[in-house]
Structures are given as structure tokens and as C-alpha cells.
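Participant: below are the sequence and a predicted model; questions follow.
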Amino acid sequence: MIGQDIIYAKQQLEEGLLVGIPTETVYGLAANALNQQAVTRIFEAKNRPSFDPLIIHTSSWDRVEQWVQDIPPLAQQLAEQFLPGPLTLLLPKRQLIPDIVTAGLPLVGIRIPSHPLSLSLLEQLDFPVAAPSANPFGYISPTTAQHVANQLGQKVAYILDGGPCTVGLESTIISFEGGLPKVLRKGGAAIEDIEALIGPVQVFAHSTSNPQAPGMLKSHYAPKVPFHLGQLASLLTKYQDKKVGILAFQKGVDEASVAHQIILSPSANLREAAQGLFAAMRTLDQLPLDVILAEPFPEEGLGRAINDRLRRASASA
Ligand code: TXA
Ligand code: MG
């Protein structure tokens, strides 16, 4: 069931059931983070390996110290500037947070989403919710309530419909181990904006041999149709005998083999492109295509997170 009934969503969460929730980044699959059985349901519904930790979501920064042992000054600064917003802070968890949430890791991801419906729901709960993106493990994250219903509809008690996500990319994840800020996932908060506040940060270059967490696995966010990333002109030559779908930034192409193309931002606006990215990937994935071809984005601002998702979508092709 899809709707905007916050009271109903709250009741379902209190009963330990799953609720799809809107955020500014992507839709989440939420459960009471303090209830082990409820959290287990998240892993089952997504078919997610139990070693992949979850982020917890709450309505205000004041509540966070109940669940974490320590807030380093840099985390405090970032929280004041960016939250609510698309930034997740990894902080040392208190025992109250069940180990299943963090897959046994000592750090827990804390997120305060900037979405009026979800903030109002979270404010009325006396527990945080654990919420991964509401997609089957390894597939593209959902940016509308309908995306959630299409894939997980049978497995959730309710989907709170907050409209299409405005950011469209998952949150940026940052850790502070040894006092050194490190971005573990590029996302909706641009690294340049983070650095403008706290100075240079390390950016985790993911390796397939030793991923710290599966969200950093090379192949993820993957459509089912083979997905290739590169300069469109040369890819088009290579796949000229195939039925091709194109995912372009600003300008389309004019080739006979192209069955369908989506231009993410004719005005070359990276925010607009990010907003539409996952929905476009889903649309293309549902067409009878042999391949989807995408081009790299400018490696700046949200373009860095977009490129990260495109690279991972293409990693399994
Ligand atoms: O924007 C978002 O962050 C969305 C919305 C729903 O809030 N959530 C989301 O969750 O993207 P998920 O589970 O799909 O991705 C979270 C990523 C995973 O790759 C997980 O491995 C990593 O964060 N993660 C979570 N806790 C971690 C921890 N303690 N240490 C390292 N990585 C962690
Ligand atoms: Mg995810």
C-alpha cells in the first residue's frame, strides 16, 4: 500500500514491520533499528548479505548522542552545516544499537534525511530506523514510491509516498577514524563542499579485493541490460549492430542503432542530472535493448558521485 499516512507508517514500524520511506537522496527500507527481528526483515526483504551494515536515521542531531559514544569536532562541524541533508557520519556506536545493524562493526552510520514527511515520521518515533536503499541488493536505488512498490511491494507493510527524490544519489558517507576524515562513498553532498568546511579529506578509492563494505563493491547499482561506460562515439562504433540505449549528460547522438536515448540535463546541470539518473537507468533497463551506453560526467561536484555509480553499473557488463 502506498500513501501519505504518517500515523499508519508509525504503527507499522512500532510493530516491527518494514516501511518504505522517502528521503531527499533515495527511498529507504525502514525498520526499528533497536529491534533485532525488525532489522532481520530488512536483510531478508533485500536479499542483502548480513555482513553489509545499515545506516540509522533520526529526526534531529540532538538525539544522536543516545546512540553514539563520541562525536569528534569535525563530525560536529559537518552536522551543523549539512544536516538534515545527504551526508552520513560514521561514529562509534553504543551498545544499545544491535550488532546486526552494523554487521558487527564498531561504527554506526548516522543520517538525518532532509525530507518533510520522513522528518515528521522520525520525530514521532522513540527509536531510530535502520534504512538501506529500498531496492533488491545490487540493483539500482529507487527514487520514487512506485519504484519501491514495483520491486519490494509484497515485502513492505506500507510505502510512504513523498514524491520523487530531489537529490537522486545516496548520501555521502564519511568516517573519522584516527581523527582523519575519509569519504567512503561519494554521494549527494559534494566533496568540494565538505572540504570547504573542514579542509582536505581522503577519498576512498574502492578496490574489489578488499571492500570495506559491500556498498563499495565494484559492481553495484547494476541494470540487467549490459551497461557500458565510455566515449559515446567509440562505443557506438563498437556496438553498431546492437540495439542501443543511450544515457547522455547534455547532448544526444544521432545514430541509426539508437533505439532510445535519455538526456539527463540539456543545460548541463549536474544536480538535475543526478536527480534523474536512477530513474533513467531503470527506464532504459526495462526496454528491449541489447546494451546501454553511458558517457562519463565532468569529474566535479555531483559529477564525481554520478561517475562512481556509472562505473559500478558498468563493472559487471
Ligand atoms: O542516502 C542514503 O544513504 C540511503 C537513504 C535511504 O538514507 N541509504 C543507503 O543505505 O544508501 P544503503 O544501505 O543502501 O547503503 C549504505 C552503505 C552501504 O554500502 C554500507 O556498506 C555502508 O553504507 N555502511 C553502513 N554502515 C557502515 C559502517 N559502519 N562502516 C562502513 N560502511 C558502512
Ligand atoms: Mg543501497
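Facilitator: Great, that's in hand. Keep in mind that this is a model prediction, so the values were computed, not measured. Ligands and ions are numbered 1, 2, ... in the order given.

Participant: what residues does the chain have near ligand 1?
Facilitator: 23, 25-26, 28, 52-55, 88, 90, 102, 105, 107-109, 111, 113, 131-133, 170-171, 173, 184, 212-215 (C-beta under 6 Å from any ligand atom). Bear in mind the C-beta positions are built from the backbone N, C-alpha and C, glycine included.

Participant: pull out the buried residues from those residues.
Facilitator: Using 16 or more other C-beta atoms under 10 Å as the burial test, these include 23, 25-26, 28, 52-55, 88, 90, 102, 105, 107-109, 111, 113, 131-133, 170-171, 173, 184, 213, 215 as buried.

Participant: these in strands, which ones?
Facilitator: With strands defined by DSSP state E, the entries of these inside them are Gly28, Ile55, Thr88, Leu90, Leu107, Val108, Gly109, Arg111, Ile173, Leu184.

Participant: can you add pLDDT and give these back as TSV?
Facilitator: Formatted as TSV, these follow (pLDDT from 0 to 100):
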residue	pLDDT
Gly28	98
Ile55	98
Thr88	98
Leu90	98
Leu107	97
Val108	98
Gly109	98
Arg111	98
Ile173	97
Leu184	95
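
Participant: which residues does the nearest residue to Ile55 once chain neighbours are set aside contact?
Facilitator: Excluding the flanking residues, the one nearest Ile55 by C-beta to C-beta, 6 or more residues apart in numbering is Gly109, at 3.6 Å. Applying C-beta atoms under 8 Å, 6 or more residues apart in numbering, we find Gly109 in contact with Pro53, Leu54, Ile55, Ile56, Thr88, Leu89, Leu90, Ile173.

Participant: quick one: the first one and Thr102 touch, right?
Facilitator: It refers to Pro53. Yes. If you go by C-beta atoms under 8 Å, Pro53 and Thr102 touch, sitting 4.6 Å apart.

Participant: any residues in contact with both of those two?
Facilitator: Val108.

Participant: where does the prediction get shaky in the stretch 201-317 of the chain?
Facilitator: 206-220, 317 (pLDDT under 70).

Participant: now do the helices in it.
Facilitator: Listed in chain order, the helices of the stretch 201-317 of the chain (DSSP state H, counting those that start in this stretch) span 232-238, 270-285, 302-314.

Participant: pick out the residue of the stretch 51-200 of the chain closest to ligand 1.
Facilitator: Distance from ligand 1 to each residue of the stretch 51-200 of the chain (C-beta to the nearest ligand atom) is smallest for Pro132, at 2.9 Å.

Participant: okay, and the beta partners of the nearest residue to Leu289 once chain neighbours are set aside?
Facilitator: Nearest non-adjacent residue to Leu289, counting by C-beta to C-beta, 6+ apart: Gly245, 4.3 Å away. Beta-bridge partners for Gly245, by DSSP bridges, are His260, Ile292.

Participant: looks like Gly245 contacts Gln286 (just checking).
Facilitator: No. With contacts counted by C-beta under 8 Å, Gly245 stays clear of Gln286, the gap being 10.1 Å.

Participant: which one of these two is surrounded by more residues?
Facilitator: Gly245 (26 against 12; other C-beta atoms under 10 Å).

Participant: list the contacts of the more buried one.
Facilitator: With contact set as C-beta under 8 Å, 6+ apart, Gly245 has these partners: Val225, Val258, Ala259, His260, Gln261, Ile262, Leu284, Leu287, Leu289, Val291, Ile292, Leu293.

Participant: kind regards, and thank you for your time.
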